[in-house]
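Chemist: sequence below, structure please.
(chains A and B)
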Amino acid sequence: MTPKVSLRGVTKSFGANTVLRNLSLDVANGEVVSLIGASGSGKTTLLRCVNLLEQIDDGAVLLDGDEISAIGLDPNPVRRRVGIVFQSFNLFPHMSVARNITLALTKVLGQSPADAAAQAGDLLRRFGLAEKADVYPDQLSGGQQQRVAIIRALAMRPEVLLLDEITSALDPELVGEVLDVVRELKGSGITLLIATHEMAFAREISDRVCFLHTGTVAEIGTPSQVFSNPQDERTQQFLRRVMN
Amino acid sequence: MARGLHRRTGHQPRLTTRQEHERRQRRRSSFIAAASTFVVLVAVVVLVPRMPRWDRVKQSFFDVDQMRDSFPRLIDAFWLDVKIFAWTTPAIFGLALLIALARNSRSPALFPVRMLAAAYTDVMRGVPVILWIYLVGFGVPGLGIARPFNSPLLWGSVALAMTYSGYVAEVFRAGIDSVHESQRAAARSLGLSSTQTMRHVVLPQAIRRVVPPLLNDLVSLQKDVALVSLIGPIEILRQAGIDKSKFANFTPYVVAALIFLSVTIPLTRLTDYLWHRERRRTSGTRVAP
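Modeler: The predicted structure is shown next:
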């Protein structure tokens, strides 16, 4: 079966700094894959290459078997199918919560304002934020902002959702509410690619865990393989460091 | 927080030591402000009339009869200033926005456009406004264009719009640059095109941030409109000059100044108010004084 997302020999540098080195990874449709690894190992860059916020230097990125990293390809149709949620939320501060969600629905998908508002209302209710529709992002807690950011991405009904360290900017007590949203997404058919420092969460939610080291996949396997019985020495070292 | 406390303690709110202290501080500040204002006012009212030639100054700058006589003519002439202001402002903002967007374009093919926009702001800001008004206001009608397109009033306004759009373009550009790249990333990741991203995400934030400097430029423009009089049109400054010569009295200038103030001050306050209201609406927390 064709993988949903496939990276083939991807290389990406920023100046002299090579962040991804000949990296290959296949993610099946509906699969949940967590990327773990030290800061600077390439987790964020990998995600940004999948929805084309970064252009790769070499290799190919495929979505449903079609190369989306081809030169001159219009990135907008791809981005409609691949959503991303950022570490720092990146909500639009000058728009209400509802407008944050409906902007792309109306401008990109061409929905009527009424349809978009109804859809935003449904999603906000589903994730317990119904009363926040008319509030501005600065008036929300970090956890609420991140939940809105997830809803904003989900509203586009993406086939793949990339989560880029979405709890790293949150107080520990707010992490739970955001992770609950992600738990609810698992099994809904959406393909999740999660860069995270929450090892317990990665272990719980992932179908497979992928350990990145200096821009390559050092080890990949089921959570129990990677966490309980890591084969690679670098994985063992990393886990020793973060688990204690 | 204070409101909640009052509600709890009922009719006679008992203040904490801290609140008591803050209340004393506030009273003390108001008292000092009132006292210092009073001292300055008394000094002006008492001391200025004691200057040796105050009577002469009073006669030639603050002649009440002259004020009454000139006021209607000056107000009529001021109407022209208002009109010039009214039609140059949208032209300035439109032109400035185009130039700012041209300077922020990222496509390599648009390099010449970026160059031109940069050259435009440099040239417009590098020459005194008054010189542009002379050059364009006399020069272009001199080409022999047919009426009504040869009026110095028209080309003086154009010169004003050209120079001011150079300044305002830089303000817009600073605003656009101040919007963090992550906002673009968020918009683009949702599938918005770069034009849509600029229009719906970057520009609205940029413009909100530069409202105070924009207002500053507007107030400045409101006064510089009077420079157009130097190439002919009889607006308020020119009319005040005519009255001054006719009656050998400077009072018309003072009246003109007061008329300018009567417009700029409310304009400034209104914009300040709108800006603060917007800030209150969209921002969550506020730092203690």
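Chemist: show me which residues of chain A are close to chain B?
Modeler: Proximity of chain A to chain B (CB under 8 Å from any CB of the partner chain) is limited to residues A:51, A:53, A:75-77, A:79-80, A:83-84, A:86, A:88, A:90-94, A:103-104, A:107-108, A:136, A:138-140, A:152-153, A:156. The way it works is simple: take the backbone N, C-alpha and C, and place the C-beta from them, glycine included.
Chemist: restricted to helices, list these.
Modeler: Members of these lying in helices (criterion: DSSP state H): A:75, A:76, A:77, A:79, A:80, A:103, A:104, A:107, A:152, A:153.
Chemist: may I see these organised as JSON lines, with neighbour count and pLDDT added?
Modeler: Converted to JSON lines, those look like this (neighbours: other CB atoms under 10 Å in any protein chain shown; pLDDT from 0 to 100):
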{"residue": "A:75", "neighbour count": "18", "pLDDT": "91"}
{"residue": "A:76", "neighbour count": "16", "pLDDT": "91"}
{"residue": "A:77", "neighbour count": "11", "pLDDT": "91"}
{"residue": "A:79", "neighbour count": "23", "pLDDT": "93"}
{"residue": "A:80", "neighbour count": "20", "pLDDT": "92"}
{"residue": "A:103", "neighbour count": "22", "pLDDT": "96"}
{"residue": "A:104", "neighbour count": "26", "pLDDT": "95"}
{"residue": "A:107", "neighbour count": "19", "pLDDT": "95"}
{"residue": "A:152", "neighbour count": "27", "pLDDT": "96"}
{"residue": "A:153", "neighbour count": "23", "pLDDT": "95"}
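Chemist: tell me which helix or strand in chain A has the weakest average pLDDT.
Modeler: Ranked by mean pLDDT, DSSP states H and E, the weakest helix or strand in chain A is helix A:172-185, scoring a mean of 88.
Chemist: same thing with chain B?
Modeler: Quick look at chain B via mean pLDDT, DSSP H and E: least confident is helix B:2-9, a mean of 47.
Chemist: show me where chain B has strands.
Modeler: Applying DSSP state E to chain B gives no strands.
Chemist: quick check: closest non-adjacent residue to residue B:63.
Modeler: residue B:251 (4.6 Å; CB to CB, 6 or more residues apart in numbering or on different chains).
Chemist: can you tell me which residues contact the one you found?
Modeler: Going by CB atoms under 8 Å, 6 or more residues apart in numbering or on different chains, residue B:251 touches B:60, B:61, B:62, B:63, B:66, B:67, B:70.
Chemist: which phi and psi does the residue of chain A most remote from its centre have?
Modeler: Taking CA atoms, centre = their mean, the residue of chain A most remote from its mean C-alpha position is residue A:114, at 28.5 Å. Residue A:114 adopts backbone torsions of phi -70, psi -50, taken as degrees, to the nearest 10.
Chemist: now swap in residue A:19 and tell me
Modeler: When read as degrees, to the nearest 10, the backbone of residue A:19 gives phi -100, psi -40.
Chemist: how close does it sit to residue A:216?
Modeler: Note on residue A:19: its distance to residue A:216, by CB to CB, to the nearest Å, is 11 Å.
Chemist: more neighbours: the two, which one.
Modeler: residue A:19 (22 against 16; other CB atoms under 10 Å in any protein chain shown).
Chemist: so the more buried one sits right up against residue A:215, yeah?
Modeler: Yes: contact criterion CB atoms under 8 Å: residue A:19 and residue A:215 qualify, at 5.4 Å.
Chemist: can you list residues touching both of these two?
Modeler: A:12, A:42.
Chemist: who's in contact with residue 27?
Modeler: Picked chain A for this. Counting by CB under 8 Å, 6+ apart, the residues that residue A:27 touches are A:3, A:4, A:5, A:6, A:33, A:160, A:191, A:193.
Chemist: what's the average pLDDT for the strand or helix carrying the fifth one?
Modeler: Using DSSP states H and E, residue A:33 sits in strand A:32-36. Across strand A:32-36, pLDDT averages out at 95.
Chemist: mind giving me the packing neighbours of it?
Modeler: Judged by 3 or more CB pairs under 8 Å, 6 or more residues apart in numbering or on different chains; DSSP states H and E, strand A:32-36 is in contact with helix A:43-50, strand A:191-195, helix A:199-205, strand A:208-213.
Chemist: quick one, it and strand A:191-195 angle?
Modeler: For strand A:32-36 against strand A:191-195, the angle by axes from the mean of the first three to the mean of the last three CA atoms, to 10 degrees is 10 degrees.
Chemist: can I get strand A:32-36 as PDB, trimmed to CA atoms?
Modeler: Provided in PDB are the C-alpha atoms of strand A:32-36 (Å, rounded to 0.1, in the frame of the first residue of the first chain):
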ATOM      1  CA  VAL A  32       0.400   8.000  14.400                       C
ATOM      2  CA  VAL A  33       4.100   8.500  14.300                       C
ATOM      3  CA  SER A  34       6.100  10.400  17.000                       C
ATOM      4  CA  LEU A  35       9.400  12.000  16.300                       C
ATOM      5  CA  ILE A  36      11.700  12.200  19.300                       C
END
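Chemist: can you check what angle separates that strand from strand A:208-213?
Modeler: Going by the same axes, to 10 degrees, strand A:32-36 makes 20 degrees with strand A:208-213.
Chemist: for residue B:98, grab the count of nearby residues.
Modeler: 14.
Chemist: roughly how far apart are residue A:171 and chain B?
Modeler: Counting by CB to the nearest CB, to the nearest Å, the gap from residue A:171 to chain B is 15 Å.
Chemist: which residues are in contact with the least confident helix or strand of chain A?
Modeler: With CB under 8 Å, 6+ apart as the criterion, helix A:172-185 contacts A:127, A:141-144, A:146-147, A:150, A:154, A:161, A:163, A:166-167, A:170, A:192, A:194, A:198, A:201, A:205.
Chemist: top of the contacts of residue A:27 by neighbour count?
Modeler: residue A:193 (26 neighbours).
Chemist: thought that one was touching residue A:160?
Modeler: Yes: at 6.7 Å, residue A:193 counts as touching residue A:160 under the criterion of CB under 8 Å.
Chemist: please, where are all the helices along the stretch 1-150 of chain B?
Modeler: Remark: helices assigned in the stretch 1-150 of chain B by DSSP state H, counting those that start in this stretch are B:2-9, B:17-47, B:54-61, B:64-104, B:111-126, B:129-139.
Chemist: who are the packing partners of the longest one?
Modeler: I take that to be helix B:64-104. helix B:111-126, helix B:152-178, helix B:211-224, helix B:236-247, helix B:251-282.
Chemist: give me whichever of those helices is most buried.
Modeler: When you average the neighbours per residue for each of those (mean count of other CB atoms under 10 Å in any protein chain shown), helix B:152-178 leads with a mean of 22.
Chemist: mean confidence for that helix?
Modeler: Per-residue scores along helix B:152-178 average to 93.
Chemist: that one and chain A in contact?
Modeler: No: using CB under 8 Å from any CB, we find that helix B:152-178 stays clear of chain A, coming within 12.4 Å at best.
Chemist: swap in stretch B:109-116?
Modeler: No: interface with chain A: stretch B:109-116 contributes nothing (CB under 8 Å from any CB), its closest point being 13.8 Å away.
Chemist: how distant is that stretch from the center of its chain?
Modeler: 30 Å (CA atoms, centre = their mean, to the nearest Å).
Chemist: stretch B:252-271 now?
Modeler: So, by CA atoms, centre = their mean, the centroid of stretch B:252-271 is 11 Å from its chain's centroid.
Chemist: contacts for it?
Modeler: B:61-62, B:66-67, B:70-71, B:74-75, B:78, B:82, B:211, B:215, B:218-219, B:222-223, B:236-237, B:239-241, B:243-244.
Chemist: report the contact partners of the spatially closest residue to residue A:216 that is not a sequence neighbour.
Modeler: Using CB to CB, 6+ apart and skipping residues adjacent in sequence, the residue nearest residue A:216 is residue A:21, 5.2 Å away. Residue A:21 makes contacts with A:11, A:214, A:215, A:216, as judged by CB under 8 Å, 6+ apart.
Chemist: for burial, what's the neighbour tally of the second one?
Modeler: It refers to residue A:214. Counted by other CB under 10 Å, the residues lying close to residue A:214 total 15.
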